[in-house]
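Trainee: 3D, please:
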Amino acid sequence: MTLDVVILAAGQGTRMRSTLPKVLHRLAGKPMVRHVLDTARELEADRLHVVVGHGAERVREALAEYPVRFALQAEQKGTGHAVAQALEGLGDGKVLVLYGDVPLIRRETLAALLEEVDESRMGLLTVTLDDPTGYGRILRNERGQAVAIVEQKDASEKELAIHECNTGIMAMTASQLKRWLPRLSADNAQGEYYLTDIIAMAAAEGVVIATAQPADPLEVEGVNNRLQMAGLERAHQRHIAETLMTQGVALLDPSRLDVRGRLTCGHDVEIDVGCVFEGEVELGEGVRIGAHCVIRDSHIGAESVIEPHSVIEGAVAAGRNRIGPFARLRPGTRLAVGAKVGNFVETKNAEVGEGSKINHLSYVGDARLGRDVNVGAGTITCNYDGANKHRTDIGDDAFIGSNTALVAPVNVGRGATIGAGSTISKDVPDNALAVSRGRQIGKTDWARPTKKTRD
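Mentor: The predicted model follows:
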């Protein structure tokens, strides 16, 4: 059978107290609805449908790269009404209904639920909670078969005592859904069309309601406010931390780690507290990351050390590198084996050769440094003329004195030496000394000016 996945993402989320549509609030650096879509894609769904409403254009823009069919729910009249908006675009196979604000649902849970579905059976995901307040309750007959769901506001005292709850996630065939949806009624306390009412319809037809539960209740926890959002974030990060530790990564405090993308680690990696990893990050064997670093879309080679408070984005460090503390490596930075970028150094679109060092308080942008180059403190490559960027090329074994300005485009030859305090705007030949500084003047017995006193 084919598979259609319908994701409900039309709600405003007023309790978030935000102008941003609820499903676009970020969990681990990614909008919640994208977590759900990524899980749906793992199921190899034939069609993905997203029902939008509040902030529809912003949701469409956020999901532009996904092969999604959008359906508009202009008025929010309940979950049944929402699913009905996608009805025309469904195929003739199975249909899975998910929610854009339930981001932690796992592929394995959904795959097991779908296995239950055929024309004589539908699947319903339930969860047993210590505190079921706010959830619809699962009603079962004397044989223990699920036969209906009653919403909290419509439940009797006896029904409110039930702890098995509806998650809202269900699966059925398209023909079943098309048969049941038009029969929904809004005759309830909320005046809405509840998707959950199809359970009673299925039971009345003799369709078996096969229930399943997730391995962890957090999988089906939705987000309605900032407090719940923060709770899911920490739970998600804790799961990532536990996975990394089982793979051999040493986390000095697993509760103070944030992975907002994918982090891949070799053996014997150590990560200190407060670090953030975004996008695609790879850490080689024996890498040590100091406290409070931010690393985004970068590869850090084996045996490298990143000192605390460094920010690295779009960079590649080949291995045995030392970076920081307080270093900033911007996109296009490439460090060869053994290269060093020290404290308060910024690089951008820079190739730093094997064994080369930029130790202190420097900016190197749009540049190539050969092997064993030493760049003194306070050096800058003046790469921008106000309109265009220009390159600086520094040969092997060159020595750049402190407080040097290299005005690009400029080439510094192999083995050349630049005297401290120089401004270099012309090429320097191999093995040459270049010094460009104002002449020092000394005056003996010179009287420093003093302030005039007022009468």
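
Trainee: The chain: helices as residue ranges?
Mentor: Under the criterion DSSP state H, the chain contains helices at 32-42, 56-62, 79-84, 107-115, 157-160, 174-180, 198-204, 226-246.

Trainee: can you list contacts of the longest one?
Mentor: Yep, that's helix 226-246 we're talking about. With CB atoms under 8 Å, 6 or more residues apart in numbering as the test, helix 226-246 has contacts from 16-17, 25, 27-28, 103-104, 218, 221-223, 251, 254-255, 257-259, 263, 265. Bear in mind the C-beta positions are built from the backbone N, C-alpha and C, glycine included.

Trainee: Got a quick PyMOL command for the buried subset of those residues?
Mentor: Those of these that count as buried under 16 or more other CB atoms under 10 Å are selected in PyMOL with:
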select buried, resi 16+25+27+28+103+104+218+221+222+223+251+254+257+258+259+263+265
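
Trainee: Just say which of the helices of the chain is most tucked in.
Mentor: Greatest average neighbour count among the helices of the chain goes to helix 79-84 (a mean of 23), per mean count of other CB atoms under 10 Å.

Trainee: chain center to it: distance?
Mentor: 30 Å (CA atoms, centre = their mean, to the nearest Å).

Trainee: Could you export that helix as PDB, CA atoms only?
Mentor: Taking C-alpha atoms only, helix 79-84 is exported to PDB below (Å, rounded to 0.1, in the frame of the first residue of the first chain):
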ATOM      1  CA  THR A  79      -8.700  18.100  14.100                       C
ATOM      2  CA  GLY A  80     -11.300  16.400  12.000                       C
ATOM      3  CA  HIS A  81     -12.000  19.500  10.000                       C
ATOM      4  CA  ALA A  82      -8.200  20.000   9.600                       C
ATOM      5  CA  VAL A  83      -7.600  16.500   8.200                       C
ATOM      6  CA  ALA A  84     -10.600  17.000   5.800                       C
END
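
Trainee: do you know how far the closest residue to residue 365 other than its chain neighbours is from residue 333?
Mentor: Spatially, and ignoring its direct neighbours in sequence, residue 365 is nearest to residue 348 (4.1 Å; CB to CB, 6 or more residues apart in numbering). Distance, residue 348 to residue 333, by CB to CB, to the nearest Å: 7 Å.

Trainee: residues in contact with residue 320?
Mentor: Applying CB under 8 Å, 6+ apart, we find residue 320 in contact with 301, 302, 303, 304, 337, 338.

Trainee: Next one: it from residue 287, what distance?
Mentor: For residue 320 relative to residue 287 (CB to CB), the value is 10 Å.

Trainee: which residues are common contacts for the two?
Mentor: Joint contacts of residue 320 and residue 287 (CB under 8 Å, 6+ apart) are 301, 302, 303, 304.

Trainee: Hmm, the second one is touching residue 286, no?
Mentor: Read it as residue 302. Yes: here residue 302 lies in contact with residue 286, judged by CB atoms under 8 Å, at a distance of 5.5 Å.

Trainee: Need the residues touching each of those two.
Mentor: Shared contacts of residue 302 and residue 286, defined by CB under 8 Å, 6+ apart, comprise residue 266.

Trainee: So residue 121 sits against residue 208, correct?
Mentor: Yes: Residue 121 lies in contact with residue 208 (CB under 8 Å); the separation is 4.5 Å.

Trainee: Using the record's domain definitions, break this structure down for me.
Mentor: Listed by automatic domain parsing, the domain ranges of the chain are 3-220, 227-434.

Trainee: Next, format the ones you listed as CSV and append mean pLDDT and distance to residue 441.
Mentor: Listed next are the domains of the chain as CSV, based on pLDDT from 0 to 100; distance: least, CB to CB, whole Å:
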stretch, mean pLDDT, distance to residue 441
domain 3-220, 94, 57
domain 227-434, 97, 15
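
Trainee: and of these, who's closest to residue 453?
Mentor: domain 227-434 (37.6 Å; CB to CB).

Trainee: First-to-last residue distance for the closest one?
Mentor: Terminal residues of domain 227-434 lie 61 Å apart, using CA to CA, to the nearest Å.

Trainee: Which single one of the contacts of residue 320 is nearest to residue 134?
Mentor: Distance to residue 134 across the contacts of residue 320 (CB to CB) is lowest for residue 304, with 48.6 Å.

Trainee: Wait, the closest one touches residue 285, no?
Mentor: No: using CB under 8 Å, residue 304 is not in contact with residue 285, being 9.9 Å away.

Trainee: of those two, who's got more company?
Mentor: Between residue 304 and residue 285, counted using other CB atoms under 10 Å, residue 304 has the larger neighbour count: 25 against 14.

Trainee: Next, work out how far apart the more buried one and residue 316 are.
Mentor: From residue 304 across to residue 316, the span is 11 Å (CB to CB).

Trainee: do residue 445 as well
Mentor: Going from residue 445 to residue 316 by CB to CB gives 58 Å.

Trainee: Who has more neighbours out of these two?
Mentor: Comparing residue 445 with residue 316 by neighbour count (other CB under 10 Å), the higher total belongs to residue 316, at 18 against 4.

Trainee: and the more buried one, what does it touch?
Mentor: Going by CB under 8 Å, 6+ apart, residue 316 touches 298, 299, 301, 333, 334, 335.

Trainee: now residue 45
Mentor: 3, 4, 5, 96.

Trainee: about what we covered before: distance to residue 141 for the helices of the chain - can I get that in CSV?
Mentor: As requested, the helices of the chain are arranged in CSV below (distance: least, CB to CB, whole Å):
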stretch, distance to residue 141
helix 32-42, 32
helix 56-62, 40
helix 79-84, 23
helix 107-115, 21
helix 157-160, 14
helix 174-180, 19
helix 198-204, 8
helix 226-246, 33
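
Trainee: picking up where we left off before, can you select the buried ones from the shared contacts of residue 320 and residue 287 in PyMOL?
Mentor: Selecting only the buried entries of the shared contacts of residue 320 and residue 287 in PyMOL, with 16+ other CB under 10 Å as the criterion:
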select buried, resi 301+302+303+304
